[in-house]
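Novice: okay, predicted coordinates and the sequence, questions at the end:
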Amino acid sequence: MSRVRTSLKGERVGLFTMDPGTTTGITWSTPLLKGSTKEIFERDPITVDHVECWDTNVPAIQNEVSGAKTIAETYRECQAEWILAGIPYTMHYFVFEDFVLGPGTHNSERSGLSPVRVTSLIQGMLVNDVMNWQAFSPSVCASTVTNDRLRRWNLWTPGMVHGRSATRVAAVWVREALK
């Protein structure tokens, strides 16, 4: 896992995180990177949401494009708010879980590629809007920020499994940024 950057301690950043898939968990916040991860998110709360990229009445790609558009629009709205709040463009971060579902994890059919397609669609839509992309593996996120830690840090969101995964991504990124 690569380090985020060495000079972020004490900085306020715009942070958008994502757990991609047929149900995509997203979070956004403007944390001041000062203190522990728990202190940071207590002071600067994180917003957690789900975007559905699945509707059995339409082909999968239409769902993924629709979901990706919603996520890209949400990111752009966050960017506008961050700029108005005085957070420069160079301090905006889009961080996501990077994985492919395959045999043993989901299935080996094309539907198992949904996280890759959703992420690729979003990256294509935001190619000129995101300066700082970062990816972490789900295993790093789950082992670094356990369910117990999410609860202790008051970051547990009941009923939002993918939102919790996106929250883990945010917490892992913050921990890396504080090193």
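Specialist: That came through fine.
Novice: check the offset of the helix or strand encompassing Val116 from the chain's centre.
Specialist: Counting by DSSP states H and E, the element that carries Val116 is helix 114-125. Relative to the centre of its chain, helix 114-125 is centred 13 Å away, using CA atoms, centre = their mean, to the nearest Å.
Novice: and stretch 54-72, by the same measure?
Specialist: With CA atoms, centre = their mean, you get 18 Å for stretch 54-72.
Novice: who's in contact with that stretch?
Specialist: 18, 22-24, 26, 51-53, 110-111, 114, 117-118, 121-122, 125-126, 129 (CB atoms under 8 Å, 6 or more residues apart in numbering). For the C-beta atoms, the positions are set from N, CA and C on the backbone; glycine is no exception.
Novice: hmm, 6 Å instead?
Specialist: By CB atoms under 6 Å, 6 or more residues apart in numbering, the surrounding residues in contact with stretch 54-72 are 22, 24, 51, 53, 117-118, 121-122, 125-126.
Novice: after the helix ranked longest in the chain, next one along is what?
Specialist: For the chain, the helix with the greatest residue count under DSSP state H is helix 60-84. Downstream of helix 60-84, the first helix or strand assigned by DSSP H and E is strand 92-97.
Novice: beta-bridge partners for His50, please?
Specialist: Residues in a beta bridge with His50, per DSSP bridges, are Gly25.
Novice: what about it, neighbour count?
Specialist: 17 (other CB atoms under 10 Å).
Novice: same deal with Thr146?
Specialist: Count around Thr146 with other CB under 10 Å applied: 12.
Novice: how close does it sit to Trp82?
Specialist: 29 Å (CB to CB, to the nearest Å).
Novice: many thanks, I have nothing further to ask.
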